[in-house]
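Trainee: Can you look at this prediction? I've put the sequence above it.
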Amino acid sequence: MHILIVEDEASIAAFLRKGLEANGFMVQIASDGITGQRLALDQPFDMIIADINMPRQNGLDMVATLRKQGVEIPILMLTAFGTTPDVVAGLDSGADDYLVKPVPFEILLARIRALTRRHTGHLQAETILTVSDLVLNLDQRTVRRGNHDISLTAKEFQLLEYLMRNKGHVVSRAAIAEEVWDMQYAMSSNSIEVYVGLLRKKIDQAGAPRLIHTVVGGGYVLREP
């Protein structure tokens, strides 16, 4: 799952990113409502977690606008405003669920799972990704090629999911940095190259047709042999 966090408090956003990525989610962060709205309209996220009190545009207006624009993915409000009128306003704006900070992280994960189960459209469309004899199961968090199970770290799993969702299309290092890593960190190091190399060793095992290819000056592509 690819989750958009719209949160202006950097420490809270970083905490959510760390916890969600440790549980296998891909995370992108927006620090204000206008940026969050733009990203949600431009990119195919599976879920949005949004604060209410934010600069430029508050979370209520952002959610209402997204719903008017036809965005149907689950939206979870995560905010410090916890009165009954606050909750009613959040849900009436178009949010699917509402949590009041601070909340135990285990409860947040449980609410995400519940929203995923209830959502019958976008999230449940593809739970198994397949390219040639490579199979990635999002529900079970497993990867298999041919008759061999492949053990991946959480970050390797996220990278492979991103490549498989874009199979046949060249994805740039900048795109990978934005989707899988924090861009500033990734672009100032060789972490993308290192992780692609590690992933390639596990996926493109000896004797098997190569699936992950480097495109000079372009990035990487995962395609049928």
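Mentor: Okay, I see it. Residues are numbered from 1 along each chain as shown.

Trainee: Local confidence estimate at residue 121?
Mentor: Residue 121 is assigned a pLDDT of 49 by the prediction.

Trainee: ok, how many other residues are close to residue 35?
Mentor: Residue 35 has 19 neighbouring residues, counting by other C-beta atoms under 10 Å. Just so you know, the C-beta spots here come from the backbone N, C-alpha and C atoms, and that holds for glycine as well.

Trainee: Look at residue 141 and say how many residues are nearby.
Mentor: The tally of other residues near residue 141 (other C-beta under 10 Å) stands at 12.

Trainee: any idea how far residue 69 is from it?
Mentor: In this structure, residue 141 and residue 69 are 32 Å apart, going by C-beta to C-beta, to the nearest Å.

Trainee: And stretch 42-61, end to end?
Mentor: Stretch 42-61 has an end-to-end distance of 18 Å (criterion: C-alpha to C-alpha, to the nearest Å).

Trainee: mind listing what's buried in that stretch?
Mentor: Of the residues in stretch 42-61, those scored as buried under the neighbour-count criterion (16 or more other C-beta atoms under 10 Å) are 45-52, 54, 57-61.

Trainee: out of those residues, what pair is the most spread apart?
Mentor: Maximum pairwise distance in these, criterion C-beta to C-beta, is 23.1 Å, between 46 and 58.

Trainee: Any regions of the protein where pLDDT drops low?
Mentor: In the prediction, the chain carries residues with pLDDT under 70 at positions 119-126, 181-189.

Trainee: can I see the domain layout of this protein?
Mentor: With automatic domain parsing as the criterion, the domains of the chain are listed as 2-123, 128-222.

Trainee: so how far is the last one off the chain centroid?
Mentor: Averaging C-alpha positions (C-alpha atoms, centre = their mean, to the nearest Å) puts domain 128-222 15 Å from its chain's average.
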